[in-house]
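In: 3D, please:
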Amino acid sequence: MTVRNVGMLGLAAERRTFGESVQSLLGMNRLSEAAARTRQFNVPVVWHALQSNGEGSLTEAQVNAQISVLNSAFSQVGARFVLRELRQVEDAGKFACPQSEHDSIAQELAVDPGCAVNVYSCKPASGSLGRARLPGLPESDPRNWVFVRYDTLPGGDSSAFGYGDTLVHEVGHYFGLLHVFEGGECMDSSEDSGDKVVDTPAQSTPSYFTGLGGDACDTPKDTCPDLPGDDSVSNYMDYSGDLCMTEFTPGQELRMVAMIAQHKPSLWAGNCPTTSPQPTPRVNVNFVPRAVRGADAAAAGGASGSQGGGVGNCPPWQPGCGEATTRAAQRGGGAEVRGAAAGGFAYDSGIGGVDLRAAASAEASASFGGFTGAETGSGPSTTPAETIAP
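Out: Sure thing, here's the model as predicted:
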């Protein structure tokens, strides 16, 4: 069984330096909120589908569905993700993507890393869902990478994590965000605690996916009771299941804009080519419906997802599709539906046969990229923190 344990790459000293550079950057790079909200830029994606005997092979439609989830989540950052190239890589060793080989895999396979986000989908032997490197290397360094488990894409069978939010979490790291519980302690203020973003409440432990129904999200908690706000259970940079991850804060969005402008200047300047601004539609894909928390979709505002921010049955790569408020949870009768979360797909009611009940309730808070939470959910195993972010 897979549990969320994603991570950001980095040696401990490098992570400390990163945290210090964030504060320095925000002092130097005073982008106005208005500019951050209106700036639009393309983010080309080169996707490397690592595989073994066909397992891990992905279609263009599957990858475009994932990119649609990214575009919904990062819309307020101004980033428009576009699939530049999908590469199929048959290699059993690379498919296991051991953490110690992430750099070497990327150095061999990366395409134009200064102008594209290179994503490597695989099946980590460690059980990890994903890892990403924080900004800091030169933008053209191939070690600027994102690894993600292949079955976490929309429609994947990775239990509670098969709706595309693992890659949202990882790209958040790639664009400069830390975990909301980073450091595992309560400091003097929210700005000093966790991810060092002022509008994310101080939080000292991760949140977890706990099961179906009304318990799909971790119970409300406040691990830093002396500071304002409850824990960010629904934040993309926590460890909740996909059912619960719905938001970045405005402060996180502005942090990403500042980090992209500083560390990804070619992306920010709009100088990066895209081979397919409007990817070719591929419609013969069975997408797994977005699961419902609490009750069925009809009780929460319509089984089609149209009241959840979708636009009927149009695919997300169709121009104009998903321009309504996507990712907006609709509430009714105590239920919550993340309708049409992938930018316009009509997700029917129910859970589509995906068993979300088997998710473990325990996970390591200090482990970055290692396997945690056995079948019994009996507890974490901790691996040394590197400078990469799960």
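
In: Quick check on residue 250: phi, psi?
Out: Note on residue 250: its backbone torsions stand at phi -60, psi -40 [degrees, to the nearest 10].

In: these two touch, right, it and residue 199?
Out: Yes - counting by CB atoms under 8 Å, residue 199 is a contact partner of residue 250 at 6.3 Å. To be clear about C-beta, it is placed using only N, CA and C from the backbone, and glycine gets the same treatment.

In: Let me see the domain layout of the chain.
Out: As given by automatic domain parsing, the domain ranges for the chain are 1-274+357-390, 289-353.

In: secondary structure class for residue 268?
Out: helix (DSSP: H, G, I helix; E, B strand; the rest coil).

In: pLDDT at the residue lying closest to it once chain neighbours are set aside, what is it?
Out: Sequence neighbours aside, residue 261 is the residue nearest to residue 268 in space, at 4.7 Å (criterion: CB to CB, 6 or more residues apart in numbering). According to the prediction, residue 261 has pLDDT 92.

In: pretty sure residue 261 belongs to a helix, no?
Out: Yes - assessed with three-state DSSP, residue 261 lies in a helix.

In: Can you get me a residue count around it?
Out: 19 (other CB atoms under 10 Å).

In: and the gap between residue 49 and residue 143?
Out: 20 Å (CB to CB, to the nearest Å).

In: again with residue 152
Out: The separation that residue 152 has from residue 143, given CB to CB, amounts to 22 Å.

In: One more: residue 231?
Out: Residue 231 is 32 Å from residue 143, by CB to CB.

In: okay, those two: which has more neighbours?
Out: residue 231 (25 against 17).

In: which residue sits closest to that one in space, ignoring its chain neighbours?
Out: residue 203 is the one closest to residue 231 (CB to CB, 6+ apart), at 4.5 Å.

In: repeat for residue 206
Out: residue 239 (3.8 Å).

In: my read: residue 177 touches residue 195, true?
Out: Yes - counting by CB under 8 Å, residue 177 touches residue 195, with 6.2 Å between them.

In: where do the helices sit along the stretch 101-250 of the chain?
Out: 102-109, 165-174, 250-263 (DSSP state H, counting those that start in this stretch).

In: What is the shortest one packed up against?
Out: Packed against helix 102-109 by the contact rule (3 or more CB pairs under 8 Å, 6 or more residues apart in numbering; DSSP states H and E) you find strand 117-122, strand 145-149.

In: Kindly report the same for the last one.
Out: With contacts taken as 3+ CB pairs under 8 Å, 6+ apart, helix 250-263 sits against helix 12-28, helix 33-38, helix 265-269.

In: least reliable of those helices going by mean pLDDT?
Out: helix 12-28 (a mean of 51).

In: what ranges of this structure fall below the confidence cut-off?
Out: 1-38, 158-159, 188-194, 210-216, 218, 276-389 (pLDDT under 70).

In: mind listing the strands for it?
Out: 7-10, 41-51, 79-90, 117-122, 130-133, 145-149, 292-293, 330-332, 335-337, 387-389 (DSSP state E).

In: Just put the ones you listed in JSON lines and tack on distance to residue 171 and mean neighbour count.
Out: Output for those, formatted as JSON lines (distance: least, CB to CB, whole Å; neighbours: other CB atoms under 10 Å):
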{"stretch": "strand 7-10", "distance to residue 171": "11", "mean neighbour count": "26"}
{"stretch": "strand 41-51", "distance to residue 171": "9", "mean neighbour count": "23"}
{"stretch": "strand 79-90", "distance to residue 171": "8", "mean neighbour count": "19"}
{"stretch": "strand 117-122", "distance to residue 171": "7", "mean neighbour count": "27"}
{"stretch": "strand 130-133", "distance to residue 171": "7", "mean neighbour count": "28"}
{"stretch": "strand 145-149", "distance to residue 171": "6", "mean neighbour count": "26"}
{"stretch": "strand 292-293", "distance to residue 171": "24", "mean neighbour count": "24"}
{"stretch": "strand 330-332", "distance to residue 171": "26", "mean neighbour count": "15"}
{"stretch": "strand 335-337", "distance to residue 171": "24", "mean neighbour count": "25"}
{"stretch": "strand 387-389", "distance to residue 171": "11", "mean neighbour count": "26"}
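
In: what residues are shared contacts of residue 177 and residue 195?
Out: 237, 252 (CB atoms under 8 Å, 6 or more residues apart in numbering).
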